[in-house]
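Colleague: Whatever this is, show me its structure:
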Amino acid sequence: MTSAIVTMLLVVLIVAALVWLVRQRAKAQQTRLRDAQSDARRWVERLGGSVLNLQGTDDASRQAMADAAERYTAAGSQLDQARTVAQCRQVTETAYEGLYYVRAARTAMGLDPGPELPPLTGQQRAGAVTEDRHVDVQGRDYSASPNPSAYNSHYYPGGNVAGRPVPAGWYSEPWWKTALVAGAWGVGSFLLFDALFSGMDGAGYPDGFQDAQALDPGGFDGDPGGPGDAGDPGDLGGDFAGDFGWGGGDDSGGFF
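Modeller: Numbering: from 1, shown residues only. The predicted structure follows:
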């Protein structure tokens, strides 16, 4: 009889301990979620303040602020839908993107760009445009530059698009957008990477297409690659990747 009572007490204690552990884990998870939501909201509000208080004065700065405003809209929508820590981090990353566009706009206007921002995912790997390039690819003109101009008025902060690095810099058009939305690079797009970035120190493709193949053996053949590639906006995607585009809605056209 005594042994049965002891056994029952042990079972009760074990069950109580398990219930306590589950509750503690749930509480900790809720705390992490609240902290992530608070952090995301703080960055979104910071982006919103910049979008509302800064206006571009030339083509490059106006386009950069239009892109920042779109990131602000996207981040706000994502924040409303965020139910997990990972989704909150996605919101924060989107806000970072927007603030990079704000920094670009301020730079284009000759203003202090402001404090440094946390790096975006894939940004270091992608590198940056370090020299002016003007190329003709399949009968279409493209250019890239480390500095804004009336011709190179589309900024990209650097990162992965559909699994492949696009260097930070100013471009004549947002040619990466089609791959961003489709989740894959089209046939022939390696030609643009090779022409724009081959031999450019600091870019993610110093040896052009050879580096592109090394980074992605599947090549630039329209293959969406692995599960992590499709719909990946600079590796910021996750659940929201397909919901939000970049920039001011330009039609990039071309062969992508």
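Colleague: that's a strand at Pro118, yeah?
Modeller: No: read with DSSP: H, G, I helix; E, B strand; the rest coil, Pro118 is coil and lies in no strand.
Colleague: now it, nearest residue through space, not along the chain?
Modeller: Spatial nearest neighbour of Pro118, excluding adjacent residues (C-beta to C-beta, 6 or more residues apart in numbering): Tyr96 at 6.0 Å. To be clear about C-beta, it is placed using only N, CA and C from the backbone, and glycine gets the same treatment.
Colleague: Can you give me every residue that contacts that neighbour?
Modeller: Trp43, Leu117, Pro118, Leu120 (C-beta atoms under 8 Å, 6 or more residues apart in numbering).
Colleague: Going through these, which ones are buried?
Modeller: Those of the contacts of Tyr96 that meet the buried threshold are Trp43, Leu117, Leu120, by 16 or more other C-beta atoms under 10 Å.
Colleague: for the last one, phi and psi?
Modeller: Going back to what we said before, that points to Leu120. phi -80, psi 160 (degrees, to the nearest 10).
Colleague: next one: the first one
Modeller: Here the main-chain torsion angles of Trp43 (degrees, to the nearest 10) amount to phi -70, psi -40.
Colleague: Hmm, Gln90 and it touching each other?
Modeller: No: counting by C-beta atoms under 8 Å, Trp43 stays clear of Gln90, with 11.5 Å between them.
Colleague: what number of residues lie near Arg42?
Modeller: 12 (other C-beta atoms under 10 Å).
Colleague: measure it to Gln78 for me?
Modeller: 14 Å (C-beta to C-beta, to the nearest Å).
Colleague: Now stretch 45-58: buried residues?
Modeller: Result for stretch 45-58 [16+ other C-beta under 10 Å]: buried residues Arg46, Leu47, Gly48, Ser50, Val51, Leu54, Gly56, Asp58.
Colleague: May I see those arranged in a markdown table, with distance to Val15, secondary structure and pLDDT as well?
Modeller: Putting these into a markdown table (distance: C-beta to C-beta, whole Å; DSSP: H, G, I helix; E, B strand; the rest coil; pLDDT from 0 to 100) gives the following:
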| residue | distance to Val15 | secondary structure | pLDDT |
| --- | --- | --- | --- |
| Arg46 | 47 | helix | 96 |
| Leu47 | 48 | helix | 97 |
| Gly48 | 49 | helix | 96 |
| Ser50 | 53 | helix | 95 |
| Val51 | 53 | helix | 96 |
| Leu54 | 59 | coil | 95 |
| Gly56 | 63 | coil | 94 |
| Asp58 | 69 | coil | 95 |
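Colleague: Go through these and say which is closest to Val22.
Modeller: Nearest to Val22 among the buried residues of stretch 45-58 is Arg46, at 36.5 Å by C-beta to C-beta.
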